[in-house]
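S.K.: Based on what follows, work out the 3D shape:
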Amino acid sequence: DNFISAPLCWLPPAYLVKAAVYDYPLREGLEKYVHDIKHNGLLHKYLSIWIPAQSVSFSVIPEHLRVLFMASVSFFWFILFSTVASASDASESEGN
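M.R.: Alright, predicted model coming up:
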């Protein structure tokens, strides 16, 4: 999940949806995704959050609390993800 589906199936659609919502070309959305991976450490941040979270979830967290734990981690992941994605937008607007 962390090494194949996330970088290929889960993260790119977020950039495509953002491109569609903010009315810029889908190609530009994918270019921003690649830029965030190369220059803003998006994939490194993703892996540094989710690999430990899943390891702890399946080894330490009681089964009845796993959904709550993963939802809490997800909340903070979305904050971090939003920060990385908006940093890409800010750096492009400064360059223009």
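S.K.: Low-confidence regions, this protein specifically.
M.R.: Scanning the chain for pLDDT under 70 picks out the ranges 91-96.
S.K.: mind listing what's buried in the longest helix seen in the chain?
M.R.: Longest helix in the chain, counting residues (DSSP state H): helix 66-95. Buried residues in helix 66-95, counted by 16 or more other C-beta atoms under 10 Å: 70, 73, 77, 81, 84-85, 88. No exception for glycine: its C-beta is placed from N, CA and C like everyone else's.
S.K.: Ok, stretch 44-60 next?
M.R.: By neighbour count on 16+ other C-beta under 10 Å, the buried set for stretch 44-60 is 45-46, 49-50, 53, 57.
S.K.: how about the nearest residue to Ile51 once chain neighbours are set aside, secondary structure?
M.R.: With sequence-adjacent residues excluded and distances taken as C-beta to C-beta, 6 or more residues apart in numbering, Ile51 is closest to Asn2, at 5.8 Å. Put simply, Asn2 is coil when judged by DSSP: H, G, I helix; E, B strand; the rest coil.
S.K.: quick one: contacts for the most centrally placed residue in the chain?
M.R.: Geometric centre of the chain, nearest residue: Phe81, 4.5 Å, by C-alpha atoms, centre = their mean. When contacts are counted by C-beta atoms under 8 Å, 6 or more residues apart in numbering, Phe81 touches 14, 42, 46.
S.K.: Mind listing residues that contact the helix or strand His44 falls within?
M.R.: Here His44 sits within helix 42-59, counting by DSSP states H and E. The contact list for helix 42-59 (C-beta under 8 Å, 6+ apart) reads 1-3, 6-7, 11, 33, 36-37, 66, 69-70, 73, 76-77, 80-81, 84.
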